[in-house]
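K.L.:
What shape does this take:
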Amino acid sequence: LTTGKVYQLVIERERKGDYLGKTVQVVPHIVDVIQEWVLDVAKVPVKTTNGDDNTQQQQQTSPLPPEICIVELGGTLGDIESMPFVEALRQLQERVGYKQMCFVHVSLIPVLGSPPEQKTKPTQHSVKQMRQLGLTPDFLCCRNSLGELDLGAKEKLSGFTSVPMERIVSLHDVSNIYHVPLMLLEQNFPAMLVERLRLNVKGLDVTDDRVPEKERIMRHVRE
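P.N.:
Now for the predicted structure:
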C-alpha cells in the first residue's frame with residue numbers, strides 16, 4: 001500500500017460524495033482508509049503449495065483466513081511521509097485490542113571505535129520517538145554488523161526502553177539469509193510472539209525435535 005493509492009482512493013470517494021461534502025482530512029479520512037486496507041488484507045486466505053521437487057507443484061487456497069497478518073511500516077520513524085501510517089496503526093491497535101496486535105521495532109545498532117563498541121543511543125531515541133507518537137514496541141530487533149548483541153547493550157536498551165531483555169532480539173549480519181529465521185528460533189522469538197498474541201498454538205523451541213523440517217533447513221543452510 002503506497003501513499004499515492006491511499007490519496008487516490010480518498011479523492012475518488014470524495015468525488016462520489018461519500019463524505020457528504022465534509023472537508024477531507026488526514027484524520028479521520030486518510031487513516032481510516034489505511035486501517036480498512038490492513039483489516040481487509042488480514043482476511044485474505046493464504047495460498048499454499050503442495051508437492052515436492054519431483055512432482056508438479058499446485059497452488060491451493062486455504063478456506064480459512066490467516067491467524068497472523070504481518071504489516072511492515074517502511075521508512076524512517078518520524079518522517080512526514082509516514083505520519084498518517086503511524087497514526088493509523090496507533091488507532092488500529094485501539095480498535096482491535098492490545099491482545100490482537102503487537103509492534104516489532106527494527107533498529108540499527110552502530111558499531112564504532114577501536115576496539116569496536118555497540119552503540120545503543122540511536123535505538124533509545126527511536127523508541128522515544130515511537131512513544132511520543134503513541135506506539136509502544138513489544139519487541140526490539142537489533143541489526144548490527146559486529147555480531148550478536150552483547151549483554152551490556154541489551155541491559156542498557158532494556159533500561160532505557162522498558163522492553164524486557166528477553167524480548168530484545170539480535171539480528172546481526174550473516175552470510176546466508178536463511179540463517180535469519182534460525183536466529184529468531186534460537187532466541188525463542190516465535191514462542192514469545194505466540195504468548196504475546198495469545199495464539200492457541202504451542203511455542204517453538206530450537207531444541208524441540210518436533211519443529212517441522214528443522215533438520216532439513218539447518219542442513220540446507222550449512223551447505
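
K.L.:
Backbone torsions only: list them for Ser170.
P.N.:
Main-chain dihedrals, Ser170, degrees, to the nearest 10: phi -90, psi 120.

K.L.:
Quick check: closest non-adjacent residue to it.
P.N.:
With sequence-adjacent residues excluded and distances taken as Cβ to Cβ, 6 or more residues apart in numbering, Ser170 is closest to Leu149, at 3.8 Å. C-beta here means a position set from N, CA and C on the backbone, and glycine is covered the same way.

K.L.:
Please read off the pLDDT at the residue nearest to the spatial centre of the chain from the model.
P.N.:
By Cα atoms, centre = their mean, the mean C-alpha position of the chain lies nearest to Val104, the distance being 4.8 Å. Among the per-residue scores, Val104 holds a pLDDT of 95.

K.L.:
partners of it in the sheet?
P.N.:
Beta-bridge partners for Val104, by DSSP bridges, are Phe139.

K.L.:
What about Glu166, how many residues nearby?
P.N.:
13 (other Cβ atoms under 10 Å).

K.L.:
That one contacts Met192, correct?
P.N.:
Yes. Counting by Cβ atoms under 8 Å, Glu166 does reach Met192; the two are 7.0 Å apart.

K.L.:
what's the residue nearest to Val71 when sequence neighbours are not counted in contact with, if anything?
P.N.:
In this structure, Val71 finds its nearest non-sequential neighbour in Val38, 5.8 Å apart by Cβ to Cβ, 6+ apart. Shown in contact with Val38 (Cβ atoms under 8 Å, 6 or more residues apart in numbering): Cys69, Val71, Ala88, Leu89, Leu92.

K.L.:
Report the separation between the closest residue to Asp150 other than its chain neighbours and Leu157.
P.N.:
Distance criterion Cβ to Cβ, 6+ apart; nearest residue to Asp150, sequence neighbours excluded, is Gln118 at 6.1 Å. Using Cβ to Cβ, to the nearest Å, Gln118 is found at 10 Å from Leu157.

K.L.:
how about the residue nearest to Asp150, phi and psi?
P.N.:
Dihedral angles for Gln118 - degrees, to the nearest 10 - are phi -80, psi 120.

K.L.:
didn't it look like it was pressed against Gly147?
P.N.:
No. The criterion here is Cβ under 8 Å, and Gln118 misses it with Gly147 at 9.1 Å.

K.L.:
just so I have it, where are all the strands in the protein?
P.N.:
Remark: strands assigned in the chain by DSSP state E are 47-50, 58-61, 104-108, 111-112, 117-118, 139-144, 168-172.
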